[in-house]
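> Sequence plus the predicted model coming up.
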Amino acid sequence: MNIAVLGAQWGDEGKGKIVDLLTPNFEIVARYQGGHNAGHTVYANGRKFVLRLLPSGILHAGVTCVIGNGVVIDPQALFAEIDEVAAAGIEIGDRLIISDKAHLILPYHRELDLLSEARRGERKIGTTSRGIGPAYEDKIARRGVRVGDLANMEALASAVQHNVAARNRIIPESTMDADNVLADLKKAWARMGPWVKDVSLFLSEARQQNRAIMFEGAQGTLLDIDHGTYPYVTSSNATIGGVCTGLGVPPRAIDGVLGVAKAYTTRVGEGTLPTELTGEMGNRLRESGQEFGAVTGRPRRCGWYDAVAVRYAVRVNGLDALALTKLDVLDGLPELSVCTAYRCNGTTLTEMPGDQAQLAACEPVYETLPGWTEPTAGVKSFEDLPSEARAYVARLEEITGVPAAVVSTGSAREDTIIRKDSIAAKWFRR
């Protein structure tokens, strides 16, 4: 069975832990979009790992990890991450496969990203300025450089020289030299080359051999370039369709979809967050949940659980179940609020509006539920949760429309409840 694991909110939902937890039941973990702006945090063997480009299955020996064509790759960022993992005693060897069709992030993309964000002023998107957006722009404009292009440096030279010259005209203060860029790419190919393959073909053959595949998404549904809260979104398709376009697999390759959502809501960067809490409660969630970006360190904006947003993710992705994370962050709160609808200009909306201006005008309609005083941290059985916590999870299932098959009660692998009667139970065993 092949499943997809993706974010059901605005990213940072805890996908890294869930993918890592599921990995022993799969032979291949394939990342299908995004760049090194996405950080998946995994706590394993007493250590903290922040994986940016490498799939979260890399920590498990014998598992093949794939970086698909939908991912944009900064070679230096990739090599730094590989070296970090190797320093922790994790051998990669031939367990990594990189798509020959994946586009590269080059030095001028980072320069353009910084310039673009600065010029936006008050309309800034809140990007990580790592060159992700400009690399995707070049991809769509058909002037990008792909991993496979590095196999023929002579043919590549004219394209890089043209791109660098064009960027230098846009950024007058830039002194970037095309020859230096090409020299770095030559070194990158010498190291990257052995890992490069036709990923679509590899995954097709793996399916024919009945090898279990997990498709790993980055960011979240509400950050999808097409289906997110545009324009405050990422530059790729974080939703389920990105699996097919980002890896070259057909829709029928996906047997199940698991969405990951926090027991509350967070967002990094600009854009509307309907349930945002800016006072003491917002700070309480941020500090208790350690809500700071894994890659950037930026503080995350926090709010109550937004069922409207998650229902939207259920619909767009066809979610079979949820993995509900960070339930323990809510420990000790006397009351909890859940957004069940939006109120906008006198009208009650139960579905998320596509227009950003309309969404910004919406106010959350809250339902109040009792909190719990007993700790949930580290609880491994649903029956052992406080009754109020069980009731909270049950209510989220009811208003979201799918079961919470997994409940995370801490950052470690073992701090997890797998609901034995859930649809996802079979995904956790072979």
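Nice, I can see it. Numbering: from 1, shown residues only.

> Break the chain down into its structural domains.
When the chain is parsed with automatic domain parsing, its domains come out as 3-99+196-253, 103-192, 261-428.

> Can you tell me what sits against stretch 138-145?
Taking C-beta atoms under 8 Å, 6 or more residues apart in numbering as the criterion, the residues outside stretch 138-145 that touch it are V72, H103, L104, L106, H109, A135, L156, A159, V160, H162, N163, L185. C-betas here are computed from N, CA, C, even on glycine.

> before we move on, the earlier item: give me whichever of the domains of the chain is most buried.
With neighbours taken as mean count of other C-beta atoms under 10 Å, the domains of the chain reach their highest mean count in domain 3-99+196-253, at a mean of 21.

> what about stretch 4-21, start to end distance?
Between the opening and closing residues of stretch 4-21 lies a distance of 14 Å (C-alpha to C-alpha, to the nearest Å).

> swap that for stretch 357-365, sorry
18 Å.

> now that stretch: mean pLDDT?
Mean per-residue pLDDT for stretch 357-365: 95.

> Renumber starting at 704 from here on
Sounds good: first residue 704 from here, last item stretch 1060-1068.

> Nearest residue to A789 in space, please, no chain neighbours.
In space, not counting the residues next to it along the chain, A789 is nearest to I795; the distance is 6.6 Å by C-beta to C-beta, 6 or more residues apart in numbering.

> now swap in N705 and tell me
Distances taken as C-beta to C-beta, 6+ apart put I916 closest to N705, at 4.3 Å, once the chain neighbours are dropped.

> What of P1056?
Leaving aside its sequence neighbours, P1056 sits nearest to L1062 (C-beta to C-beta, 6+ apart; 5.2 Å).

> Now do the SS call for the one you found.
Going by DSSP: H, G, I helix; E, B strand; the rest coil, the secondary structure assigned to L1062 is helix.

> and it, what is it in contact with?
With contacts defined as C-beta under 8 Å, 6+ apart, the neighbours of L1062 are T932, T975, P977, Y1045, M1055, P1056.

> please redo it, this time with the cut-off set to 10 Å
Remark: with contacts taken as C-beta atoms under 10 Å, 6 or more residues apart in numbering, L1062 is in contact with 932, 935, 974-977, 1011-1012, 1045, 1047, 1052, 1055-1056.

> Go through those residues and say which is closest to G959.
Distance from G959 was checked for each of these by C-beta to C-beta. The minimum falls on A1012, at 21.6 Å.

> Does that closest one lie in a helix or a strand, and which?
Secondary-structure assignment from DSSP states H and E places A1012 in helix 1010-1020.

> For that helix, which helices and strands make contact with it?
Packed against helix 1010-1020, as judged by 3 or more C-beta pairs under 10 Å, 6 or more residues apart in numbering; DSSP states H and E, are the following elements: strand 706-710, helix 944-950, strand 959-965, strand 968-970, strand 1024-1028, strand 1038-1047, strand 1066-1073, helix 1090-1103.

> same thing but 7 Å
The criterion is 3 or more C-beta pairs under 7 Å, 6 or more residues apart in numbering; DSSP states H and E, and the helices and strands that helix 1010-1020 contacts are strand 959-965, strand 1038-1047, helix 1090-1103.

> Save those as CSV, and put in mean pLDDT too.
What follows is the helices and strands packed on helix 1010-1020, written out as CSV (pLDDT from 0 to 100):
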stretch, mean pLDDT
strand 959-965, 97
strand 1038-1047, 97
helix 1090-1103, 98
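
> which non-adjacent residue is nearest P897?
Excluding its sequence neighbours, the residue lying closest to P897 (C-beta to C-beta, 6+ apart) is D797, at 7.6 Å.

> mind saving the C-alpha coords of the helix holding A1012 as PDB?
Output in PDB follows, covering the C-alpha atoms of helix 1010-1020 (Å, rounded to 0.1, in the frame of the first residue of the first chain):
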ATOM      1  CA  ALA A1010     -12.100  23.400  11.600                       C
ATOM      2  CA  VAL A1011     -13.100  25.400   8.500                       C
ATOM      3  CA  ALA A1012      -9.500  25.400   7.200                       C
ATOM      4  CA  VAL A1013      -9.100  21.700   8.000                       C
ATOM      5  CA  ARG A1014     -12.400  20.700   6.400                       C
ATOM      6  CA  TYR A1015     -11.100  22.500   3.300                       C
ATOM      7  CA  ALA A1016      -7.900  20.400   3.400                       C
ATOM      8  CA  VAL A1017     -10.100  17.300   3.700                       C
ATOM      9  CA  ARG A1018     -12.000  18.200   0.600                       C
ATOM     10  CA  VAL A1019      -9.100  19.300  -1.600                       C
ATOM     11  CA  ASN A1020      -6.900  16.300  -0.700                       C
END
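
> Run the angle between it and strand 1066-1073 for me.
With axes from the mean of the first three to the mean of the last three C-alpha atoms, to 10 degrees as the criterion, the two stretches helix 1010-1020 and strand 1066-1073 enclose an angle of 110 degrees.

> I'd like to check the angle between helix 1010-1020 and strand 1038-1047, please.
The directions of helix 1010-1020 and strand 1038-1047 differ by 70 degrees, with the same axes, to 10 degrees as the criterion.

> quick one: average confidence on helix 1010-1020?
On average, the pLDDT along helix 1010-1020 is 98.

> how about the helices in the stretch 754-903 of the chain?
When assigned using DSSP state H, counting those that start in this stretch, the helices of the stretch 754-903 of the chain occupy the ranges 778-790, 810-823, 835-843, 856-873, 881-895, 902-911.

> residues making contact with the fifth one?
Contacts of helix 881-895 with the rest of the structure, by C-beta atoms under 7 Å, 6 or more residues apart in numbering, involve 778, 782, 801, 809-810, 850, 853-854, 856, 860, 863-864, 867.
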